[in-house]
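Enquirer: make a model of this:
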Amino acid sequence: MGTTNGDAVPVEQDPSLNPLCFECGQQHWTRENHLYNYQHEVDDDLVCHICLQPLFLPLDTPCGHTFCSKCLRNFLQEKDFCPLDRKKLHFKLCKKSSILVHKLLDKLVISCPFTSACQDVMQRCDLEAHLKHRCPGASCHRAGLERRRSGRQQQQAEPGEDSRTMASDPADPVVLPDPKLPTGGSASSATPVPMWTDEHGLDNPAFEESNEEDTSPKPPSLPEGEITTIEIQRSNPYMELGISIVGGNETPLINMVIQEVYRDGIIARDGRLLAGDQILQVNSVDISNVPHNLARATLSQPCSTLHLTVLRERRFGSRLHGPPPAPDSPRDDSLRVTLHKRGSNEQLGIKLVRRTDEPGVFILDLLEGGLASQDGRLCSNDRVLAINGHNLRHGTPELAAQIIQASGERVHLVVCRAGKQPPPPPPLPSTNAVREAGTHQQHSTSPATLPHARPSTHRDLSQCITCQEKQIDVTKEPHESLGMTVAGGRGSKSGELPIFVTSVQPHGCLSRDGRIKRGDVLLSINGIDLTKLSHSEAVATLKASAASPGVLLQALEVQSVEEQGQATQELLSISHENEYDASWSPSWVMWLGLPSSVHSCHDIVLRRSHLGSWGFSIVGGYEENHANQPFFIKTIVLGTPAYYDGRLKCGDMIVAVNGLSTVGMSHSALVPMLKEQRNKVALTVVSWPGSLI
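Expert: Reported below is the predicted structural model:
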């Protein structure tokens with residue numbers, strides 16, 4: 001007998017085995033929002049005034065109000081006006097809230113719903129991964145459901161049983177009773193209702209302006225180890241892409257790396273880019289080796305069609321022991337060298353470095369008597385195009401060292417010697433990918449014709465970012481406000497950040513004084529330390545101190561020292577024109593320039609049950625030509641302990657391993673140390689949010 005979505009699903013006799021939503025871990029009907037146990041009072045601006053709960057998948061109305069998408073959809077099925085000001089309203093006219101609002105909501109602190117077995121506290125966006133991979137209570141609940149399903153399957157095998165009405169495969173969607181409907185009826189006449197699906201429908205609508213986009217197939221995933229050009233379309237040229245980025249040639253990351261892809265953003269809806277992907281070009285403008293702020297400004301330029309040239313590094317272990325791929329064409333000006341090690345721990349005797357005039361990895365010197373020197377085919381100044389099939393055209397010495405250390409007894413190198421130009425990538429408009437280095441025919445286009453000339457490959461961070469402490473003594477009227485807005489604070493939704501200025505209001509006392517600027521980090525006011533306070537505590541302190549006629553502010557001003565021409569300076573100046581720009585957000589390199597006294601370190605313990613990879617790659621460390629540099633997380637590999645833990649992000653700095661400081665440690669020393677850890681490793685990291693674009 002057929003049923004509809006309104007039919008009831010019987011409640012289990014054992015409440016502990018009732019199906020739960022796999023995203024929030026609680027029982028609710030599909031037409032309702034997820035339920036969370038919030039740990040702190042939520043700002044009223046982040047609350048839906050229909051359900052009176054923190055917003056979930058928020059939508060902005062044309063009249064300036066924000067509601068949960070499900071709440072608003074259900075409301076407008078019966079009404080045709082805004083719930084607050086009663087102005088005429090149609091659901092299709094509502095727009096998704098900004099990425100910043102989504103980010104603030106994702107950072108709300110909640111507790112695990114399985115309180116009897118787990119007391120973990122986390123951000124709202126991390127709960128689903130926690131329930132799936134780390135929560136003991138959720139694991140026990142799944143085991144109970146599995147036993148119940150197994151019992152049902154045994155009943156199906158009995159003669160006379162109607163298998164069509166009793167089907168209950170372990171992969172069936174989770175079901176939930178509707179608390180608003182009667183619970184009578186038999187199991188055979190009830191249709192399970194999926195708690196959450198990936199399909200768009202009445203209970204899980206697609207929040208898009210056009211349903212045609214939602215039903216179209218997702219683009220294929222990007223290939224690993226290849227440079228690919230993708231096209232992104234956006235109806236509004238000024239709409240944010242919905243990603244945060246880290247990197248730049250001020251840091252060992254060199255290239256621009258995606259730190260986060262925010263849910264419901266343009267990039268997330270496209271579905272091809274992931275955290276850890278490197279962006280090399282934007283609309284034919286090369287940003288693979290430029291200052292961070294220049295790359296950010298280039299990515300932020302308004303346009304309807306965006307061509308991004310990206311690189312997804314190959315996962316380690318997928319092709320480390322195989323020979324390099326066969327050439328695609330008979331003409332090949334590269335040199336292939338295979339070195340045979342007597343043991344997996346034997347060193348090749350090669351010193352790899354960067355260069356200031358072109359990208360890639362170069363051989364600086366060969367150790368006398370070493371394996372490479374005895375082989376005799378490699379020379380100083382050779383450019384390394386690939387190692388064991390990994391494309392290193394835009395690689396780093398640290399990445400090359402990782403590949404070599406992970407290899408077996410054979411190391412396959414593809415190099416290009418001075419006087420032999422490496423075969424360039426095919427022109428961007430006509431192809432999607434560049435495969436292994438040294439396998440294509442020569443083209444008339446030269447690498448020197450890239451749209452943007454790069455001043456250097458890597459610059460020391462201390463030479464690119466300046467941080468100055470300043471004291472500002474302001475005299476004001478007793479009842480006059482300071483005229484600034486601030487963000488950050490310990491335990492804030494964006495992370496463990498110091499208090500910083502987001503805008504200086506025009507015509508205020510600080511604007512007239514002119515010394516406090518957007519982005520300044522506030523250390524104290526009238527002698528009261530602000531560095532250890534939460535956001536609400538800092539705001540209360542600022543308001544109380546501002547009541548006096550004289551205010552003494554102590555602040556840090558971080559500035560980037562850019563090295564570029566007039567066109568680049570004009571591009572960067574666009575983001576500095578208005579100190580009262582509500583859409584402004586701090587740059588990632590601003591945080592890197594802060595002294596360690598305002599850093600907030602936290603420990604992340606990773607565990608593994610077998611001797612596989614921890615699941616992250618690192619760059620940085622001590623180098624002779626760059627002295628000491630921080631260690632940065634460059635990539636997180638899917639399906640590994642670091643990925644399932646969910647706390648490490650690209651761009652995080654590792655400052656200690658198992659309590660041992662990494663300051664002054666070389667890359668070649670830290671990598672073996674991490675590999676030697678068997679079942680557990682404790683990482684002390686400093687995590688700064690990437691630049692939002």
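Enquirer: below-threshold pLDDT in the chain: ranges please.
Expert: For the chain, applying pLDDT under 70 flags the ranges 1-19, 153, 155-220, 314-333, 344, 356-357, 418-460, 562-583, 611, 623-627.
Enquirer: tell me which residue is most central in it.
Expert: Nearest to the mean C-alpha position of the chain, by Cα atoms, centre = their mean, lies residue 260 at 1.7 Å.
Enquirer: restrict stretch 513-521 to CA atoms and write it as CSV.
Expert: Output of stretch 513-521 as CSV, limited to C-alpha atoms (Å, rounded to 0.1, in the frame of the first residue of the first chain):
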residue,chain,number,x,y,z
ASP,A,513,43.5,61.6,15.3
GLY,A,514,44.4,59.4,12.3
ARG,A,515,46.8,57.1,14.0
ILE,A,516,44.6,54.1,14.7
LYS,A,517,44.0,52.2,11.4
ARG,A,518,42.0,49.3,10.2
GLY,A,519,43.8,46.1,11.0
ASP,A,520,45.7,47.4,14.0
VAL,A,521,45.9,44.9,16.9
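Enquirer: buried ones in it, by neighbour count?
Expert: 513, 516, 517, 518, 519, 520, 521 (16 or more other Cβ atoms under 10 Å). (C-beta placed from N, C-alpha, C; glycine too.)
Enquirer: check contacts around the first one.
Expert: It refers to residue 513. By Cβ atoms under 8 Å, 6 or more residues apart in numbering, the contact list for residue 513 reads 472, 474.
Enquirer: residue ranges for the helices of the stretch 151-300 of the chain, please.
Expert: 163-166, 211-215, 266-270, 292-299 (DSSP state H, counting those that start in this stretch).
Enquirer: test my guess that residue 684 contacts residue 605.
Expert: No - at 10.3 Å, residue 684 does not count as touching residue 605 under the criterion of Cβ atoms under 8 Å.
Enquirer: between these two, who's got more neighbours?
Expert: More neighbours surround residue 684 than the other of residue 684 and residue 605, with 18 against 11 (other Cβ atoms under 10 Å).
Enquirer: what's across from the residue nearest to the centre of the chain in the sheet?
Expert: For residue 260, the beta-bridge partners under DSSP bridges are residue 244.
Enquirer: what's near enough to touch it?
Expert: Residue 260 makes contacts with 243, 244, 275, 649, 690, as judged by Cβ under 8 Å, 6+ apart.
Enquirer: hmm, residue 651 and the last one touching each other?
Expert: I take that to be residue 690. Yes - counting by Cβ under 8 Å, residue 690 touches residue 651, with 5.7 Å between them.
Enquirer: okay, and the common contacts of those two?
Expert: 246, 259, 588.
Enquirer: just the buried members of the residues you listed?
Expert: 246, 259, 588.
Enquirer: re the thing from before, and the buried residues of stretch 513-521, which of them are in helices?
Expert: Applying DSSP state H to these, the entries found in helices are residue 513.
Enquirer: and of the buried residues of stretch 513-521, the nearest to residue 137?
Expert: Ranked by distance to residue 137 (Cβ to Cβ), those are led by residue 521 at 40.1 Å.
Enquirer: with adjacent residues omitted, what lies nearest to the closest one?
Expert: Spatial nearest neighbour of residue 521, excluding adjacent residues (Cβ to Cβ, 6 or more residues apart in numbering): residue 556 at 4.3 Å.
Enquirer: surely that neighbour forms part of a helix?
Expert: No - secondary structure of residue 556 (DSSP: H, G, I helix; E, B strand; the rest coil): strand, not part of a helix.
Enquirer: near it, how many other residues are there?
Expert: Other residues close to residue 556 by other Cβ under 10 Å number 21.
Enquirer: show me the contacts for it.
Expert: Counted by Cβ under 8 Å, 6+ apart, residue 556 has contacts 467, 468, 469, 470, 520, 521, 523, 594, 595, 598.
Enquirer: about what we covered before: now distance to residue 609 and neighbour count too, for the contacts of residue 260, in a markdown table please.
Expert: Converted to a markdown table, the contacts of residue 260 look like this (distance: Cβ to Cβ, whole Å; neighbours: other Cβ atoms under 10 Å):
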| residue | distance to residue 609 | neighbour count |
| --- | --- | --- |
| 243 | 33 | 24 |
| 244 | 32 | 24 |
| 275 | 24 | 19 |
| 649 | 24 | 22 |
| 690 | 31 | 26 |
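Enquirer: so residue 359, which of the three states?
Expert: coil.
Enquirer: hmm, residue 289 and it touching each other?
Expert: Yes - contact criterion Cβ under 8 Å: residue 359 and residue 289 qualify, at 5.3 Å.
Enquirer: leaving out chain neighbours, which residue sits closest to residue 109?
Expert: Nearest to residue 109 is residue 39, by Cβ to Cβ, 6+ apart, at 4.5 Å.
Enquirer: ah, wrong one, I meant residue 112
Expert: Leaving aside its chain neighbours, residue 112 sits nearest to residue 118 (4.3 Å; criterion: Cβ to Cβ, 6+ apart).
Enquirer: so which of the contacts of residue 556 comes closest to residue 139?
Expert: residue 598 (39.1 Å).
Enquirer: quick one: contacts for the nearest residue to that closest one once chain neighbours are set aside?
Expert: Excluding the flanking residues, the one nearest residue 598 by Cβ to Cβ, 6+ apart is residue 498, at 4.8 Å. With contact taken as Cβ under 8 Å, 6+ apart, residue 498 is in contact with 488, 489, 521, 522, 523, 530, 531, 594, 598.
Enquirer: what residues of stretch 303-313 count as buried?
Expert: Within stretch 303-313, the residues scored as buried using 16+ other Cβ under 10 Å are 306, 307, 308, 309, 310, 311, 312, 313.
Enquirer: also stretch 222-233?
Expert: Result for stretch 222-233 [16+ other Cβ under 10 Å]: buried residues 222, 225, 226, 227, 228, 229, 230, 232.
Enquirer: figure out how far it is from the centre of its chain.
Expert: Centre-to-centre, stretch 222-233 and its host chain are 18 Å apart (Cα atoms, centre = their mean, to the nearest Å).
Enquirer: could you do stretch 44-59 as well?
Expert: Worked out by Cα atoms, centre = their mean, stretch 44-59 lies 25 Å from the chain centre.
Enquirer: pull out the buried residues from that stretch.
Expert: 46, 47, 48, 50, 51, 53, 54, 55, 56, 57, 58, 59.
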